[in-house]
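Participant: quick one: sequence plus predicted model below, questions after.
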Amino acid sequence: MSNCKFPKLPILKNLKGQIDLYDIDLLWKQLRSGDKAGLAGLYRHYSKMLFIHGLTINSNREFIQDCVQEVYIDLWKYHQSLPAVENIKLYFFKSLRNKIYKEHKKEFKWTIEESIESLESVEACYSSESNESFLINFQREDLLQRKLAYKLKELPIRQKEVIQYLFFENFSYEETSKLMGINLRSVYTLAWKAISSLKKSMS
Amino acid sequence: MDRSKYTIEDFVLDPDFKEWVLAPTKELKLYWDSFLANHPNKAQDINIARTLLLNISRDLPTVEDEFLEAIWENIESGLIDENTAPEGKVVPLDALSSIKKYQIHYPKENKYPFVLRWAGIIFLCFAMAITINLALPSPPIPLPLEPIVYEEHYAPPGVKSNLTLQDGSKVILNSGSTLIYAKNFSADKRELELYGEAFFEVARDSLRPFSVKTGAVVTRALGTSFNIEAYENEDLNISLVTGKVEVDLDLESSSPRKLHLDAGEGLKIDLREEEVKRIKFDEHIKLAWTRKTIFFDYTPMDEVTRILENWYGVKVIFINQPSKDLLVSAWFRDQTLLNVLEGLSYSARFKFIIDKDQVFLTFH
């Protein structure tokens, strides 16, 4: 086995906020120069985020696992031709998205049925969590949160996706537009529709 | 965008608003305080937007560290390791790049020298330019641009409207429906937007496609007649009577696509599930409404209600809920509301009371 075994670091226990402790640009540089430690570091930072995001828009675990795995294997395969990227998080999300959609296009129908069918069965291994930990100071309403989480899961995939990016991954409108490959106006319209549906479930 | 015209959704989506709710600064507090003071009517919307922002949640799938570690091992075993590769062995990627280099450095030998080739290209360009000039008539003199004036036509419940558009196309607008269109169509297209139901007889003009937008679906024709039902929260129905139309679908969950319809064909689009079905339809039933005829063909009670409300300009109130699988089949030609209700009350098994513009139904 190699010497860059997946390191157990506190970052996995507390993903949010601590990422700045690591120099991601450096890791990216290492990866480009063929240092496997760079890849391992980037896995440490982004794999959990990518899994959570992936599973939220498609609950098929094996499928998402394949997609995430491929993202990292490809990075290594093509590390010599990787560009200097400014926004590395965006790069990872975009790569994952490409993987998901490549398959998703073929099996669009299946995912919809799958996600409805598996709603209850998956329920067991899901817990509900609100968007940001710093919200803890505010008084929140559990029931309302559960309602909103449930409604979010029921939205069409692209609406779900846009809410994920804007509200849970904190991407800007510009970043989201790049990620989804649609113009700013469409991002806004899509998000507007999603919020409108969520709003309806509040009453 | 002017914040005083914001809807709840716009507030939720405004980054400044989000920051004010989630991580307020002094400046933001000052701004929004004064905004609220100036627009007290927005206070309720702002409160709803704030509650939504604070409570928006997602189900968090569990991703265990052990699981992540196992995947990492998977990934690692799939990596091609540069350092452990035996010396002298060529990595496929490198081989390919070498071949590419070779191709660039030693291009195929050309039959014609460089100068001759360019001369040929330039000559061809001239020849084509001359041919095109001769073959095509001179372009029309551009007309002075007129400002586009949008016309909105609403047929209130109880009224059906017959419209003739500026290009000669005829539209019958069903009651309770709205049609929006440019008063003077532009030189290259005829665009309309429909909420509700209308029948279109499109005047032939092959240079200006006639397109009707209904949400994410656009129906485009050159010269045809077709019927569109685009009522809120119901299936979208496009029924082509004569000619050909092209339908652009831009649904959420799939990339945009085009479908073509022939006469007698229709599309039934379930916008919620995003299901598109190609169907044959009965012209007598679909266009019955243009001939003063109400036609119910295994119609669910909600739709019956919507049709009657629009047709007679009344409000239908259910005292108790009908069973969900209640479907109604009947037709009425030029009948009064009383007659229609009497006819329906036997098959759908309800009692009714008409009180001015309200109808109360009690199901057995």
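Facilitator: Perfect, I can see it now. Residues are numbered from 1 along each chain as shown, chains lettered A, B, ... in the order given.

Participant: which helix in chain A runs the most residues?
Facilitator: Among the elements of chain A assigned as helix by DSSP state H, the one spanning the most residues is helix A:36-57.

Participant: what residues sit buried inside that helix?
Facilitator: Buried residues in helix A:36-57, counting neighbours by 16 or more other Cβ atoms under 10 Å in any protein chain shown, are found at A:36, A:38-57. C-beta: built from backbone N, CA, C; applies to glycine.

Participant: residues contacting residue B:288?
Facilitator: In this structure, residue B:288 makes contact with B:294, B:295, B:331, judged by Cβ atoms under 8 Å, 6 or more residues apart in numbering or on different chains.

Participant: between those residues, which is nearest residue B:264?
Facilitator: When those are ranked by distance to residue B:264 (Cβ to Cβ), residue B:295 comes first, at 17.5 Å.

Participant: tell me how many other residues crowd that closest one.
Facilitator: Around residue B:295 there are 19 other residues, counting by other Cβ atoms under 10 Å in any protein chain shown.

Participant: and it, its phi and psi?
Facilitator: When quoted as degrees, to the nearest 10, the phi and psi of residue B:295 stand at phi -130, psi 120.

Participant: bridging across strands, which residues link to it?
Facilitator: Partner residues in beta bridges with residue B:295: residue B:331, with DSSP bridges as the criterion.

Participant: sorry, back to before: is chain B contacted by whichever helix or strand comes after the longest helix of chain A?
Facilitator: With elements assigned by DSSP states H and E, the helix or strand that comes after helix A:36-57 is helix A:61-77. Yes: Helix A:61-77 lies in contact with chain B when judged by Cβ under 8 Å from any Cβ of the partner chain; the contacting residues are A:65, A:68, A:69, A:72, A:73, A:76, A:77.

Participant: can you point out the buried residues in helix A:61-77?
Facilitator: Those buried within helix A:61-77 under the rule 16+ other Cβ under 10 Å are A:61, A:63-65, A:67-73, A:75-76.

Participant: got the domain ranges for the chain?
Facilitator: Picking chain A for this. Residue ranges of the domains in chain A are recorded as A:7-126, A:130-203, according to automatic domain parsing.

Participant: I was after chain B.
Facilitator: Under the assignment automatic domain parsing, the domains of chain B span B:150-285, B:292-363.

Participant: could you give the average pLDDT over the shortest one?
Facilitator: Here domain B:292-363 scores 89 as its mean pLDDT.

Participant: likewise the first one?
Facilitator: Mean pLDDT, domain B:150-285: 86.

Participant: relative to the whole chain's centre, how far out is that domain?
Facilitator: Between the centre of domain B:150-285 and the centre of its host chain there is 11 Å, according to Cα atoms, centre = their mean, to the nearest Å.

Participant: is chain A contacted by it?
Facilitator: Yes: using Cβ under 8 Å from any Cβ as the criterion, contacts between domain B:150-285 and chain A involve B:252, B:253, B:254, B:255, B:273, B:274.

Participant: nearest to residue A:85, of these?
Facilitator: Within the set of those, residue B:255 lies nearest residue A:85; the separation is 26.3 Å, counting by Cβ to Cβ.

Participant: pull the residues that contact stretch A:86-96.
Facilitator: Residues outside stretch A:86-96 that contact it (Cβ under 8 Å, 6+ apart) are A:24-25, A:28, A:42, A:46, A:49-50, A:53-54, A:67-68, A:71, A:74-75, A:85, A:165, A:169, A:171, A:175, A:178-179.

Participant: go again using 7 Å as the cut-off
Facilitator: Contact partners of stretch A:86-96, identified using Cβ atoms under 7 Å, 6 or more residues apart in numbering or on different chains, comprise A:24, A:28, A:46, A:50, A:53-54, A:67-68, A:71, A:85, A:175, A:178-179.

Participant: rewinding a little: redo the residues of helix A:61-77 next to chain B as JSON lines? Include distance to residue A:94 and pLDDT.
Facilitator: Below are those laid out as JSON lines (distance: Cβ to Cβ, whole Å; pLDDT from 0 to 100):
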{"residue": "A:65", "distance to residue A:94": "19", "pLDDT": "91"}
{"residue": "A:68", "distance to residue A:94": "14", "pLDDT": "93"}
{"residue": "A:69", "distance to residue A:94": "17", "pLDDT": "91"}
{"residue": "A:72", "distance to residue A:94": "14", "pLDDT": "92"}
{"residue": "A:73", "distance to residue A:94": "16", "pLDDT": "91"}
{"residue": "A:76", "distance to residue A:94": "17", "pLDDT": "90"}
{"residue": "A:77", "distance to residue A:94": "17", "pLDDT": "88"}
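
Participant: show me which residues of stretch B:314-327 are buried.
Facilitator: Along stretch B:314-327, these residues count as buried under the neighbour rule (16+ other Cβ under 10 Å): B:314, B:316, B:322, B:326.

Participant: show me these that map onto strands.
Facilitator: Using DSSP state E, the members of the buried residues of stretch B:314-327 that fall in strands are residue B:316.

Participant: rewinding a little: least confident of the domains of chain A, on average?
Facilitator: In terms of average pLDDT, domain A:7-126 trails the rest of those, at a mean of 73.

Participant: was I right to think residue B:195 contacts residue B:177?
Facilitator: Yes: Residue B:195 lies in contact with residue B:177 (Cβ atoms under 7 Å); the separation is 6.3 Å.

Participant: what segments of chain A are helices?
Facilitator: Counting by DSSP H, one finds helices in chain A at the ranges A:10-13, A:24-32, A:36-57, A:61-77, A:88-106, A:108-123, A:142-154, A:157-163, A:173-180, A:184-200.

Participant: what number of residues lie near the residue in the stretch 151-300 of chain B positioned nearest to chain A?
Facilitator: Among the residues of the stretch 151-300 of chain B, residue B:252 lies nearest to chain A; the distance is 3.9 Å by Cβ to the nearest Cβ. For residue B:252, the neighbour count with other Cβ under 10 Å is 16.

Participant: residue B:188 now?
Facilitator: 8.

Participant: how about it: what's its closest non-neighbour residue?
Facilitator: Distance criterion Cβ to Cβ, 6 or more residues apart in numbering or on different chains; nearest residue to residue B:188, sequence neighbours excluded, is residue B:208 at 6.0 Å.

Participant: which residue is the nearest non-sequential neighbour of residue B:326?
Facilitator: The spatial neighbour of residue B:326 that comes closest, neighbours along the chain excluded (Cβ to Cβ, 6+ apart), is residue B:301 at 5.2 Å.

Participant: correction: the previous question concerned residue A:42.
Facilitator: Excluding the flanking residues, the one nearest residue A:42 by Cβ to Cβ, 6+ apart is residue A:27, at 5.2 Å.

Participant: over to residue B:25?
Facilitator: Nearest-residue entry for residue B:25: residue B:19, 7.4 Å, with adjacent residues in sequence omitted and distances by Cβ to Cβ, 6+ apart.

Participant: residue B:340 now?
Facilitator: Closest residue to residue B:340 in three dimensions, ignoring its sequence neighbours and counting by Cβ to Cβ, 6+ apart: residue B:332, at 5.0 Å.

Participant: ok, residue B:160 touching residue B:174?
Facilitator: Yes: using Cβ under 7 Å, residue B:160 is in contact with residue B:174, at 6.0 Å.

Participant: with neighbour numbers in mind, choose between the two.
Facilitator: Using other Cβ under 10 Å as the criterion, residue B:160 and residue B:174 rank with residue B:174 on top: 23 against 19.

Participant: which stretches of chain B form helices?
Facilitator: When secondary structure is read from DSSP H, chain B shows helices at B:8-13, B:15-22, B:26-38, B:43-55, B:65-78, B:92-105, B:114-135, B:283-286, B:301-312, B:337-347.

Participant: quick one: those as a markdown table, columns for distance to residue A:148 too.
Facilitator: Formatted as a markdown table, the entries for the helices of chain B read as follows, by distance: least, Cβ to Cβ, whole Å:
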| stretch | distance to residue A:148 |
| --- | --- |
| helix B:8-13 | 12 |
| helix B:15-22 | 15 |
| helix B:26-38 | 23 |
| helix B:43-55 | 6 |
| helix B:65-78 | 27 |
| helix B:92-105 | 47 |
| helix B:114-135 | 60 |
| helix B:283-286 | 40 |
| helix B:301-312 | 27 |
| helix B:337-347 | 41 |
